[in-house]
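**Student:** Starting from these lines, generate the structure:
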Amino acid sequence: MIQKYISAFAILMMFSACSKAPALKIYTLDVPQTEVAKQSPYYSKTIKVTYPQSLREQISQKMNFSYSMSDRGTYQNSEWSNNMSKLLQGTLIDVLDKSRLFKAVLSDTTTLKENYRLESNIFAFEHRVRGESSHAVVSIQFTLIDADTGKLVKSKRFSYQEPTPSTDAKGYAMATNAVMARLSKDLVGWLR
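**Tutor:** From the prediction side, this is the model:
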């Protein structure tokens, strides 16, 4: 009889311990407001936004942070709502579509033929904490390619550091959305 009570108590304690684990917090990228282009040399053209690649950072649903070049990690109880490359691709498609720079903005999953292709390489996408300093850091290189000829039209690397309002994942997500607003505006201006 005592063993039954001990077993029941042990099971109750396991459930109790599991229920006290912090809830997983999910963050996403907000699609920034975008000005509609009044004139565009690409107005009758289509563009395909390819899946962003990463050369240096591991890009996943995890939220990356670093305290130094060798001390890196991911938040355990916070993550992005999707793989960061997918979030970036979706945000870029949405921003370019709203800007009306192009007749149509396509995902690289479509079989439609495009006039231009926008490729991107992610060099940094992390929460960087150095002593008292805390920033959302984003560095992405964009390459615009003429799909008909395969030739480079232009290429530019955009890099940002935005102070975070707090040193946790929530502060990082807020600062990252501020960076994305700046990046979106700069990207549309550069494509014009």
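
**Student:** Provide a list of residues in contact with residue 112.
**Tutor:** With contact taken as C-beta atoms under 8 Å, 6 or more residues apart in numbering, residue 112 is in contact with 46, 48, 104, 106. Quick note: C-beta positions are derived from backbone N, CA and C, even for glycine.

**Student:** Only the buried subset of those, as a PyMOL command please.
**Tutor:** To isolate the buried subset of those in PyMOL, counting by 16 or more other C-beta atoms under 10 Å, use the following:
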select buried, resi 46+48+106
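
**Student:** ok, which pair from the contacts of residue 112 is furthest apart?
**Tutor:** Between all members of the contacts of residue 112, the longest pairwise span (C-beta to C-beta) is found for 48 and 104 and amounts to 9.3 Å.

**Student:** circling back to that earlier point, quick check, nearest of the contacts of residue 112 to residue 142?
**Tutor:** Nearest to residue 142 among the contacts of residue 112, with distances taken as C-beta to C-beta, is residue 48, at 13.2 Å.

**Student:** Distance check, the closest one against residue 24.
**Tutor:** Residue 48 sits 34 Å away from residue 24, taking C-beta to C-beta, to the nearest Å as the criterion.

**Student:** Was I right to think residue 85 contacts residue 59?
**Tutor:** Yes - with contacts counted by C-beta atoms under 8 Å, residue 85 reaches residue 59, the gap being 5.1 Å.

**Student:** Spit out the residues that contact these two alike.
**Tutor:** Overlap between the contact sets of residue 85 and residue 59, as judged by C-beta under 8 Å, 6+ apart, is given by 52, 122.

**Student:** got the contact list for residue 158?
**Tutor:** By C-beta under 8 Å, 6+ apart, residue 158 lies in contact with 138, 139, 140, 141, 142, 183, 186, 187.

**Student:** JSON lines please, covering the residues you listed and showing secondary structure.
**Tutor:** Shown next, in JSON lines, are the contacts of residue 158 (DSSP: H, G, I helix; E, B strand; the rest coil):
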{"residue": "138", "secondary structure": "strand"}
{"residue": "139", "secondary structure": "strand"}
{"residue": "140", "secondary structure": "strand"}
{"residue": "141", "secondary structure": "strand"}
{"residue": "142", "secondary structure": "strand"}
{"residue": "183", "secondary structure": "helix"}
{"residue": "186", "secondary structure": "helix"}
{"residue": "187", "secondary structure": "helix"}
